[in-house]
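K.L.:
Using only what follows, build the 3D model:
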Amino acid sequence: MTDLEKLVAMEEIKALKARYFRCVDTKNWDGFGAVFADDARFEVSGPGWNLQGRDKIVDTVRSRMQESVTVHHGHCPEINVTSPTTAEGIWAMEDVVRWNKDSDSAKAALHGYGHYHETYRKIDGAWRIQSMKLTRLRVDFTEWDDAR
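P.N.:
Prediction:
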């Protein structure tokens, strides 16, 4: 690949990750699902998720996030294009999740910090997330008694 082709791929992957964040925060579950390959994997260290397949990822995230207000930020992407159809990346992340009182969440809110470790695959001309592992460095929880 030329340097220009790699730069274009990196920008397309950045836009893909931006859609991931926007769609989860706006509860656009069709758009959220569209960022993943059909056979994607998603692992989250805290709750112990190890999800296989786009449908399982969307269903699990929707069931956990639907009754909440979320804000997800991704920063400082380190993207390595490994071929015309594959890439890998690491994103620093920060998220805030505030659950509604009528949700079944044991906590009122969380504020987390960590990294997404991802692989990407270009499928039918568009980049998709192939695998994602969220590792957290810190999570601060708010108890229901402390919620405003």
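K.L.:
And the strands in the chain?
P.N.:
36-44, 49-52, 68-83, 86-99, 109-123, 126-142 (DSSP state E).
K.L.:
Out of those, name the one with the poorest average pLDDT.
P.N.:
Per-stretch mean pLDDT for the strands of the chain is lowest at strand 49-52 (a mean of 93).
K.L.:
Given it, what are its sheet partners and their directions?
P.N.:
strand 36-44 (antiparallel) (DSSP bridges).
K.L.:
quick one: contacts for the residue minimising distance to the centre of the chain?
P.N.:
In the chain, the centroid-proximal residue (Cα atoms, centre = their mean) is residue 20; its distance is 5.8 Å. Contact analysis of residue 20 by Cβ atoms under 8 Å, 6 or more residues apart in numbering lists 32, 35, 129. For every residue, glycine as well, the C-beta is placed using N, CA and C.
K.L.:
any chance of the residues you listed in TSV, with neighbour count and distance to residue 72 too?
P.N.:
Output for the contacts of residue 20, formatted as TSV (neighbours: other Cβ atoms under 10 Å; distance: Cβ to Cβ, whole Å):
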residue	neighbour count	distance to residue 72
32	23	11
35	25	13
129	23	14
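K.L.:
Sort out which one of those lies nearest residue 105 for me.
P.N.:
residue 32 (19.5 Å; Cβ to Cβ).
K.L.:
Show me what residue 70 bridges to in the sheet.
P.N.:
Beta-bridge partners, per DSSP bridges, of residue 70: residue 97.
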